[in-house]
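**Student:** after the sequence you'll find the predicted model.
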Amino acid sequence: MPDLTPLTALGHDQPQSVTYGNLTMGDCPDLALASLTLRRDAPVPLPFGLDLPGPGGYVASAEVAAIWTGPRQWMIEAKAKGCTDFAAQVKAQAPDAIVTEQTDGWAAFDITSPDGAAIGRLLEKLVNIDPGTVSPGTASRTSLHHMNVLLVRPDPCCLRIWVGRSFAGSLWHAVIGAAARQAA
Amino acid sequence: MLIPHPLLGLRDAEEFVYLGDASLMQRPDPDSPTALTDFCDYVFLRDNPAGVHRELWFHEQGDRSWLVVTRNTLTHEILGAELATDAARPTVTQEPSA
Amino acid sequence: MTRITGGLIDRGTSLSFTFDGKTYSGHPGDTLASALLANGVRLMGRSFKYHRPRGVFAAGSEEPNAMVELREGARREPNTRATVAELYEGLVAKSQNRVGPLSCDVLAVNDVLSPFFAAGFYYKTFMWPRAFWEKLYEPVIRRAAGLGQLSMQADPDDYDSGFLHCDLLVIGGGAAGLAAALTAGRAGARVLLADEDFRLGGRLLSERDPLGGIPAVDWIAGLEAELDSLPNVRILRRTTVFGAYDHGIYGAVERVADHLKTPGAQVRQSLWRITAKRTVLAAGATERHIPFADNDRPGIMLAGAMRSYANRWAVTPQAHAADPVAIFTNNDDGHRTALDLMAQDVPVLGVIDTRSDAPKLGDYTLFPDATVTGSKGRLGLTQIQITRAGQSTWVDCAALGVSGGWNPNVHLTSHHRGRLVWDAATQSFLPGPGGPEGMHVAGAAAGRGQTGLALADGAKAAVAALAQIGMSASLPELPAPEATADILTLYWHVPSKKRAWVDFQNDVTVKDIALAHQENMRPVEHLKRWTTLGMATDQGKTANVTALAVMAELSGKSIPETGTTIFRPPYTGVAISTLGGGDSGDSFRPRRLTPTHSWAAARGAVFTEVGAWMRAQYYPQTGETHWRQTVDREAKAVRAGVGLCDVTTLGKIDVQGADATTFLNRVYANMMGTLKVGRVRYGLMLREDGFLYDDGTCARLAEDHYVVTTTTGNAGLVYRNLEFARQCMWPELDVHLISTTDAWAQLAVAGPNARSLLSRIVDDFDLSNDAFPFMACSTLTICNGLRARLFRISFSGELAYELAVPARYGNAVMQRLAEQGADLGVTPYGIEALSVLRIEKGHAAGAELNGQTTADMIGLGMMVSRKKDSIGAVMSRRDGLAQDSRRMVGLQPVEPTHTVTPGAHLFAQGDPQDMAHDQGWITSACYSPHVGSSIGLGFLLQGDNRMGEIVIAANPLAGETTQLRIVPSHFVDPEGERLRA
């Protein structure tokens, strides 16, 4: 293991967490990400046994998930692998596919609440996507305060926002600001 | 405006970047004897109709697909949208060569 | 006090407020206007041009007169309509557009001078002398003809924006809107009901008629309770839908905390962007007035507004309860106001009706076939003149309600150039063809304003709208009060030699319209601009239709022939703070931080914006008093020892696939197909028109895997263009792109000690020149197993590497390098020093690649391959580009203390300094610690053949000229020995 201390996208050595009302927000540096793209006419692989979803889809198992990001292109997301060479592990699962390391290309933020509707109300202030369509099983890529984001809903009580890592501070500001106002 | 993305359904136009006339997909043959004139036309001449127009939109904040959108520029009525890769393929004659 | 009984106010609670420093009291449920009326205050402001005394004219958002400065300090908000300002404890308001006290405004002299201020006055009078435009005329006019004043302080409140999606948007919460929302809500549709008022009910709140056998307020409360119980219905109170945009998108402002003294933790207002599959517009109607001589005194108001104040707010508009009130009308609705006032024991002196067959609906004096032809009262109405059959009589009258019929609120239907059509049956403009797709208009907005009609109409509109999106709804049982015959005889204005106001807010009178007609400003668009009719903050809601009717009369045309202007958003004014959506200051736009941002901040770096990125500009040390000292030190340290710079911001695009090589050969002007695995090549990209647009490096990591870099500023654009090439031009190629800019922290390690420093952190990697020469690249591990990529490339001209590591480790690796290099003179450098180093080396950057330059011009014409096609290759060979003889050169002042100024233009010695003799310009310049003087880069005609010549750099803006010697653009190591060391 390298003798270096990694920083989170927010510039800390530990993930942050903030609660306003019934909304809790935090960053998830332990999540790993790699893009998987199919070559021309290549068969569709089943990385980690995942049945890669169609347009706008999100498929998850206990440890790994696949997010549709474009025609013949997915992001593979894994828990507790943020500091590993996850791309190599995906490549091993899909040797014929094009795999690119994306763990630090993006930063993930989880917004959790016992009340899924509260997450829906927060979404109204953040993205121009019908909150009703941001449900478990869907992935939406859109713009949030002029930042490109990927939205997934691991479960009704959790919304995950992936954003370009360098934007993490601005995204955090936007999300916790909206949550604070919602709680006001 | 809402753009009917062929894979993702109606998406707000703010997610897209507009380019213009879809004729930009028909890049001239660089080896033609008239290549220079053809490229001049290709680069500088565009149709800008008041009415139905085929135009290119890039889903930059979304799935990064280029779309060919048929839009009435007078009413903003959108008559159709397809992936540029689908629109481009039938007219392509060049084969890849390393 | 003129408070009467009843009303929808909470008399159990008193709210104290001040107006022009005097303290008054009102109740929850009051508006500022109703509370002032209740306290006998009628004079609320001065008019725009003539400074005439003005009071409340309407009871809603159409108000043209009663505008005040609300709140104090930084929250002061000018031009707030008192009729929609909800009363709260401690409210502070001031009258505006006055000099001196409101009752004795010095600028009222303008009223006496009014013959000079007729329509077109400004256009005609202030033409000359030209020098007076900005210095005299404009300041004086702005002071005299103004509205309220801004606080000139930053808005202290928070705002936000959001997005709503629904099946049916119902605009307006009156009878039609409530029925539409109920119908759609019961059908399970997702409904948004937006109403600008703080209480649902619309016009129903202003009437005394029961609904379904119970008071209308109770009926509304029951319906509201049902709507609130439906999870698929959302009610947006205090929300104005201000604009209709394409494809069912609407803009709306929710006044979240305007009714509170301060918003606290809430936002003041929210901007909503609503995407609705279908819409029911139930925006109601606005009453017309009938212009007559001196019709603008406080106390004269719309009859419907008078009824609203009496029924909803329990106030009457006279200063004293015993003062008589009159109604002037051309329709039956005016009579209803008289009846409602009488029911509250308000003394009604009579109803003056323009119709000869006017009905008498109650026990009041009727003046049929009569008009009001004048008014008296310096600061408020005291008398009116009633004229009948040529006989005029002055009678005491403290308040006059005027009713000229109702104009449907069709504004949103014409936001897409939907045409209005004149409807003879209702004598009004109704929505015509070409309205927004999916919008159904119901109730008074569609000319069906009577309660029973409106209720039924709203429900029907909802059923029809939902049917279009495949949802079925059934008509609910609704009260059906009997419709009354409402006969309106058109009567637009009472002719007079005196002024009769049409547009109160902009002080436009019937005479002004006549003058516009006389001066041939007859089309409505010309009329509007010549007279400024309808151009005030109220957008002429109470004026426009009347004005064009007057113009029609004057020109002998019909109203439809005269036509209307087109309504445009916003329906009512929207604050800039709200449109800004809340993002201001540091969060005005997103900022991107580099992986080493914390490290740089801890070292005291000064940051600068480069696109969205915050980059370290320089790292000042103790004792350095000027940025140049810092930058010189940093640049020297790189050339003498080793420097560290975060270059993560350069765009990185992963290019993979069987046809990746073919693809890159087509998008780069130079040959990429021959690049070997493990090597990097500099690449030029052209636009299809042959000009340069970006440069960067292309590294081949594996047979079918490349990493392309772009300039910081063009990263997004290059990616978009590469996707265009891939998807639109060559979809047959098997090539795939993905951005990895943020994934890797990329650190430049530059200087003669770079290899020594790197050797201390790599794990078993041979950095020798033979094993890893200039332009090599490799993957490797560092610091005991961290995966990394190393590129031997140089922007500074020194022995240099760029080291890429997963971004989360960037900060730690930077710190490690800084620690490990202490004995090697390691120095962090910012983009100022980076720029000095690249100018010294003659590397082109953004200032040279400005979209107007060619590969030839930067001396790299040979790179544009003729052996293959690439984007821009054909056009780069056209005459205009190929024959351009300007070349990039280095420039050094003849007198070493002189400065090279970027932007200065270059002339041959002795030539006149004009366009015809312009030979080029300076693109970049800096002080070069290596050279010991200011140096620059520039483009010069035949520059490559003029080495040693002296030219003149002219900076006409500063009146400076400098002699510069033309030198090769490589000020440092022209043979490139250092970077290959």
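**Tutor:** Thanks, I have the structure now.
**Student:** count of residues packed around the closest residue to residue C:447 other than its chain neighbours?
**Tutor:** Computed as C-beta to C-beta, 6 or more residues apart in numbering or on different chains, the closest residue to residue C:447 that is not its neighbour in sequence is residue C:426, at 4.0 Å. All C-beta atoms are positioned from the backbone trio N, CA, C, and that covers glycine. Neighbour count of residue C:426, defined by other C-beta atoms under 10 Å in any protein chain shown: 20.
**Student:** what's the distance between residue C:161 and residue C:713?
**Tutor:** For residue C:161, the distance to residue C:713 equals 28 Å [C-beta to C-beta, to the nearest Å].
**Student:** the more surrounded of the two?
**Tutor:** Remark: of residue C:161 and residue C:713, residue C:161 carries more neighbours, 24 against 18, as counted by other C-beta under 10 Å.
**Student:** hmm, that one is touching residue A:124, no?
**Tutor:** No - counting by C-beta atoms under 8 Å, residue C:161 stays clear of residue A:124, with 9.9 Å between them.
**Student:** which bits of chain A sit near chain B?
**Tutor:** Proximity of chain A to chain B (C-beta under 8 Å from any C-beta of the partner chain) is limited to residues A:55-56, A:68-71, A:128, A:141-143, A:148.
**Student:** how far away from the center of its chain is the strand or helix carrying residue C:217?
**Tutor:** Under the criterion of DSSP states H and E, residue C:217 resides in helix C:216-229. Here the centre of helix C:216-229 is set off from its chain's centre by 36 Å, with C-alpha atoms, centre = their mean, to the nearest Å.
**Student:** please apply the same query to stretch A:109-118.
**Tutor:** Here stretch A:109-118 is found 15 Å from its chain centre; the criterion is C-alpha atoms, centre = their mean.
**Student:** list the buried ones in it?
**Tutor:** Using 16 or more other C-beta atoms under 10 Å in any protein chain shown as the test for burial, stretch A:109-118 gives A:109-113, A:116, A:118.
**Student:** what residues does the stretch 551-700 of chain C have near chain A?
**Tutor:** Proximity of the stretch 551-700 of chain C to chain A, by C-beta under 8 Å from any C-beta, involves residues C:583, C:587, C:589-595, C:597-598, C:612-613, C:648, C:654, C:656-658.
**Student:** what do you get if the cut-off is 10 Å, keeping everything else the same?
**Tutor:** Within the stretch 551-700 of chain C, the positions near chain A by C-beta under 10 Å from any C-beta of the partner chain are C:581-583, C:586-587, C:589-599, C:601, C:612-614, C:648-649, C:652, C:654-660.
**Student:** return the subset of the residues you listed lying in strands.
**Tutor:** C:592-593, C:613-614, C:652, C:654-656 (DSSP state E).
**Student:** between all of the residues you listed, which two are at the greatest distance?
**Tutor:** C:614 and C:656 (30.9 Å; C-beta to C-beta).
**Student:** chain neighbours aside, what residue packs nearest to the residue of the stretch 751-900 of chain C found nearest chain B?
**Tutor:** Residue nearest to chain B within the stretch 751-900 of chain C: residue C:869 (4.1 Å; C-beta to the nearest C-beta). Nearest residue to residue C:869, sequence neighbours excluded (C-beta to C-beta, 6+ apart): residue B:30, at 4.1 Å.
**Student:** you'd agree that neighbour is in a strand?
**Tutor:** No - the assignment for residue B:30, made by DSSP: H, G, I helix; E, B strand; the rest coil, is coil rather than a strand.
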